[in-house]
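In: Generate a structure from the sequence data that follows.
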Amino acid sequence: MRIVFLIYGWLWGLAIPFLRRNQRLRQGFDQRTLGKLPAPAQLWIQAASVGESFLAAELLKGLDPSAPVRILLTSCTSQGMEILEKCRRDTMEQNRRLIIDTAYLPFDRPALMEKALTAVAPRLMLLLESELWPGLLRACKRQGVKILVANGRMTARSLKRYRIWPGLWRHLRPNRILAISPGDAARFADLFGGEGVETVANIKFDRIANQASPTQPDNPLAPLFPADTRLIILGSIREGEEEDVAQMIRAILDGSLANTQPVIIALFPRHMHRISHWQTILENLGYEWYLRSRITGPVPAPSIVLWDSMGEMLFAYELARAAFVGGSLKPLGGQNFLEPLAAGLKPVIGPHWSNFAWIGADIIHQKLVLQARDWRQAAEMLLMQSTVTPRRGQTRGEIVAYVEQRRGGTARTCAIINQLLGPSPPSLQQTRPSP
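Out: Here you go, the predicted model:
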């Protein structure tokens, strides 16, 4: 194993100078390379990006330690960091026993991870969903840090890749793995062995219930879209499906004009670095379009709004008549279609949603989510939905009923975190510093 990690570290050493040029990795580069060391913490929670960061926020709401606990929240992306920073502020206002810092996750070069673990000195490393970094796991093992994988998921494709070197992963096995389905649990057990692997309800079901509240009367986007606007959301659009989505936009706008009921399309790329590419696509399509950041008043119809601002998609769902959730027209795994449901809107998706198979096919059978064969059928469904006002209260009630028997993952995970952390040593029974 020593030679494997020497080679792994050497490859990271070659790569890091080039990674500095990467637009997405440039932010927080000083933290990623440990030019600035992370703060000490008893509990280190790693949340890869946006979805995992929301899970971290949910877990922090459920933690209720008897004594102060220091927590380090890390992420790999700037979007994840924004959510974690807001979570830090909100949580420390509500729970005086949680002392929280945030930082970018260091690059997985073994020497960097050893240095990071020495600086943080956690008792528990909590990895959300599928964060299996060899350098990080090895450093935890060498320094006696317990490892918990929570809300764990592993696809058959990922398992096949990991099994190229099964002995390595058995050596790095976490102490506990809380998988979101029996299938995921079986795949984790195949890779790491069955000890300490169990199935726990997905934490995202608890988030759905918490989100399913009445539409906010003070929605900040309301001045942009009057009450009678036929607003259609195209949310979380991924790079691999952009051509199909461009075709969908044309079909929706031409179809709405043919019915003399023009619509407004709000387009939310999954990643901000695709904004410039979408600007080129929209110019070529030839329809009227606007950047969200430049809009100051009501949006005229028909038109397209290209969303280049973070954190507003949930507000847009509350005002829309119809929504498509991306990552689903091509085999990309799908994106979170639970968010529009929480806003009382039944979303349209494409045929590919393997990342959300844990929700169960019943959500399609009960017509809470509308599955289209391709972009053409998706456009037809969206046009049809946009002609009527959504029954938001009824939809919220249906999704809450759907998840009611599937809740409890947060409470179970928090109980295991408390168990693995154990009692706080006297040195940490201190007055909480100002945030």
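In: all helices of the stretch 1-150 of the chain, in order?
Out: 2-19, 23-26, 29-32, 50-62, 78-94, 110-120, 134-142 (DSSP state H, counting those that start in this stretch).
In: between those, which one is nearest to residue 222?
Out: Closest to residue 222 of those is helix 78-94 (CB to CB; 22.0 Å). Where C-beta positions appear, they are placed from N, C-alpha and C, glycine not excepted.
In: for the closest one, which positions count as buried?
Out: Neighbour-count burial for helix 78-94 flags 78-84, 87-88, 91-92 (criterion: 16 or more other CB atoms under 10 Å).
In: quick revisit: would you convert the helices of the stretch 1-150 of the chain into CSV that also reports mean pLDDT and distance to residue 239?
Out: Below are the helices of the stretch 1-150 of the chain laid out as CSV (pLDDT from 0 to 100; distance: least, CB to CB, whole Å):
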stretch, mean pLDDT, distance to residue 239
helix 2-19, 93, 20
helix 23-26, 87, 13
helix 29-32, 96, 23
helix 50-62, 93, 16
helix 78-94, 93, 15
helix 110-120, 97, 29
helix 134-142, 97, 27
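In: Next, format the ones you listed as CSV and append distance to residue 379.
Out: Shown next, in CSV, are these (distance: least, CB to CB, whole Å):
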stretch, distance to residue 379
helix 2-19, 39
helix 23-26, 31
helix 29-32, 41
helix 50-62, 27
helix 78-94, 28
helix 110-120, 47
helix 134-142, 44
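In: so which of these gets nearest residue 346?
Out: helix 50-62 (21.0 Å).
In: so residue 291 touches residue 308, yeah?
Out: Yes: counting by CB atoms under 8 Å, residue 308 is a contact partner of residue 291 at 5.4 Å.
In: And stretch 307-314, end to end?
Out: Start-to-end span of stretch 307-314 (CA to CA, to the nearest Å) is 12 Å.
In: pLDDT of it, averaged?
Out: Averaging pLDDT along stretch 307-314 yields 92.
In: care to break this structure down by domain?
Out: 2-201+408-427, 222-404 (automatic domain parsing).
In: between these, which one is nearest to residue 208?
Out: domain 222-404 (4.9 Å).
In: what's near enough to touch residue 8?
Out: Under the criterion of CB atoms under 8 Å, 6 or more residues apart in numbering, the neighbours of residue 8 are 109-110, 134-135.
In: hang on, the earlier thing: out of the helices of the stretch 1-150 of the chain, the one nearest residue 197 is which?
Out: Nearest to residue 197, of the helices of the stretch 1-150 of the chain and by CB to CB, is helix 134-142 at 15.6 Å.
In: Ramachandran angles for the residue nearest to residue 4 when sequence neighbours are not counted?
Out: Spatially, and ignoring its direct neighbours in sequence, residue 4 is nearest to residue 168 (6.7 Å; CB to CB, 6 or more residues apart in numbering). When quoted as degrees, to the nearest 10, the phi and psi of residue 168 stand at phi -60, psi -50.
In: Skip ahead from the helix or strand residue 207 falls within and say which helix or strand is next.
Out: Secondary structure assigned from DSSP states H and E places residue 207 in helix 203-211. Note on helix 203-211: by DSSP H and E, the next helix or strand toward the C-terminus is strand 231-237.
In: Enumerate the positions of whichever helix or strand comes after that following strand that are buried.
Out: Downstream of strand 231-237, the next assigned helix or strand under DSSP H and E is helix 242-258. The neighbour-count criterion (16+ other CB under 10 Å) identifies 242, 244-249, 251-253, 255-256 as the buried residues of helix 242-258.
In: tell me the two of those residues that are most distant?
Out: Across these (CB to CB), the longest gap, 21.1 Å, separates 242 and 256.
In: ok so, going back, same list (the domains of the chain) but as a markdown table, adding distance to residue 208.
Out: As requested, these are exported to a markdown table (distance: least, CB to CB, whole Å):
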| stretch | distance to residue 208 |
| --- | --- |
| domain 2-201+408-427 | 11 |
| domain 222-404 | 5 |
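In: quick one: pLDDT of residue 206?
Out: 87.
In: Can you give me the neighbour number for the residue nearest to it when sequence neighbours are not counted?
Out: Of all residues not flanking residue 206 in the chain, residue 410 sits nearest, at 4.4 Å (CB to CB, 6+ apart). Neighbour count of residue 410, defined by other CB atoms under 10 Å: 26.
In: Contacts only, for residue 410.
Out: Under the criterion of CB under 8 Å, 6+ apart, the neighbours of residue 410 are 58-59, 61-62, 203, 206.
In: low-confidence ranges in the protein?
Out: Residue ranges of the chain with pLDDT under 70: 209-217, 257-260, 423-435.
In: Report the contact partners of the nearest residue to residue 154 once chain neighbours are set aside.
Out: Distances taken as CB to CB, 6+ apart put residue 187 closest to residue 154, at 4.4 Å, once the chain neighbours are dropped. By CB under 8 Å, 6+ apart, the contact list for residue 187 reads 154-156, 158-159, 179.
In: Just the buried ones from those residues, in PyMOL syntax?
Out: In PyMOL syntax, the buried subset of those is picked out as below (16+ other CB under 10 Å):
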select buried, resi 154+155+179
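In: okay, the contacts of residue 187 in JSON lines with secondary structure and distance to residue 336 next?
Out: Shown next, in JSON lines, are these (DSSP: H, G, I helix; E, B strand; the rest coil; distance: CB to CB, whole Å):
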{"residue": "154", "secondary structure": "coil", "distance to residue 336": "19"}
{"residue": "155", "secondary structure": "coil", "distance to residue 336": "17"}
{"residue": "156", "secondary structure": "helix", "distance to residue 336": "21"}
{"residue": "158", "secondary structure": "helix", "distance to residue 336": "19"}
{"residue": "159", "secondary structure": "helix", "distance to residue 336": "23"}
{"residue": "179", "secondary structure": "strand", "distance to residue 336": "19"}
